[in-house]
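Trainee: no sequence for this one, just the structure:
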Ligand code: 5GP
Ligand code: MN
């Protein structure tokens, strides 16, 4: 399968890369690895703003942010990365490509592509992309390509902290260092380069932190008013959810962000026992065993009650 995908990408005249909305380091890293490897024939499209911390990756400033699919040019291949469901790409029109290739690591992937390479046992999509690019041509894996792949692996394992971190993660990381990655540069760019407004928002959000169900569930949220007060943006809330799971005794953390349009975006994190992808699926979302999300058309308080009840049933 990887050989087949490598061949298709190598011979294609044009490739458009897509990933889910609210892009994270794995989404951006995977797509920019492909961009930096195949160069001019690749266009990367994002349905939303790229979090500022990922702008250090080569090619990040060339990502096209689109609001209407009319802005997306026809391409021979649509390569969808790190995306469990094509519904997470707003207005996605597969008819603008000859072939749709879906490369992902979410257990809830819907196999929406013409070719589907889904490996739920992998810590990141970027490491699957690494396999494909190595098959295509190892000599084209530049330090920049390697840095994009490393960033996907590094951020999806929470800096090699989450339960998806294993021997293989370190082997791949070590291989990427051989290709020229500087781990402390990536660490500093990702986790020591936050805009100050994010910290102002975090301070407001942390004041909403609460425990439920004998301390097994923690919740925290961000309202529109907090965005206004802090001057921060929705993409600045990446990783806020980790403060909920960081508390001793907490099995599941819930983070809720008020959406501008209407409704809320929910992030769920668990330590080991609870499969939050299953819980998110109950609400039309998805994700991984220990990290998942969904969107709900209700208020923050309603979402909080709904989720606390749903999670309780899994404890
Ligand atoms: P986050 O909470 O950081 O947004 O997402 C955690 C994980 O769940 C990520 O792998 C993300 O792709 C997935 N996820 C988040 N929201 C949704 C959603 O609404 N639908 C699906 N299918 N997956 C989601
Ligand atoms: Mn991922």
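Mentor: Structure's in. What do you need? Worth saying up front: this structure is predicted, and the values here are computed from it rather than measured. Residues are numbered from 1 along each chain as shown. Ligands and ions are numbered 1, 2, ... in the order given.

Trainee: Helix, strand or coil: sort out residue 249 for me.
Mentor: Assigned by DSSP: H, G, I helix; E, B strand; the rest coil, the conformation of residue 249 is coil.

Trainee: if I look at the residue nearest to it when sequence neighbours are not counted, how far off is ligand 1?
Mentor: The shortest distance from residue 249 to any non-neighbouring residue, by Cβ to Cβ, 6 or more residues apart in numbering, is to residue 215 (4.5 Å). Backbone N, C-alpha and C define where each C-beta goes, glycine included. Plainly put, residue 215 is 22 Å away from ligand 1 if you go by Cβ to the nearest ligand atom, to the nearest Å.

Trainee: likewise residue 208?
Mentor: 17 Å.

Trainee: Which helix or which strand is home to that residue?
Mentor: Under the criterion DSSP states H and E, no helix or strand holds residue 208.

Trainee: Return the residues in contact with it.
Mentor: 219, 220, 221, 222 (Cβ atoms under 8 Å, 6 or more residues apart in numbering).

Trainee: in a strand, that's where the third one is, yeah?
Mentor: Yes - residue assignment for residue 221, taken from three-state DSSP, places it within a strand.

Trainee: what's around the closest residue to it other than its chain neighbours, how many residues?
Mentor: Spatially, and ignoring its direct neighbours in sequence, residue 221 is nearest to residue 256 (4.2 Å; Cβ to Cβ, 6+ apart). Neighbourhood size, residue 256 [other Cβ atoms under 10 Å]: 25.

Trainee: elements contacting the helix or strand harbouring residue 256?
Mentor: Under the criterion of DSSP H and E, residue 256 resides in strand 252-258. Here strand 252-258 is seen to pack against strand 217-222, helix 242-245, strand 264-270, helix 300-312 when contacts are counted using 3 or more Cβ pairs under 8 Å, 6 or more residues apart in numbering; DSSP states H and E.

Trainee: For residue 85, find the nearest of those.
Mentor: Shortest distance between residue 85 and these, using Cβ to Cβ, is found for strand 264-270: 15.0 Å.

Trainee: Leaving out chain neighbours, which residue sits closest to residue 113?
Mentor: residue 102 (3.1 Å).

Trainee: Ligand 2: which of the helices and strands packed on strand 252-258 is closest?
Mentor: Among the helices and strands packed on strand 252-258, the nearest to ligand 2 by Cβ to the ion is strand 264-270 (13.5 Å).
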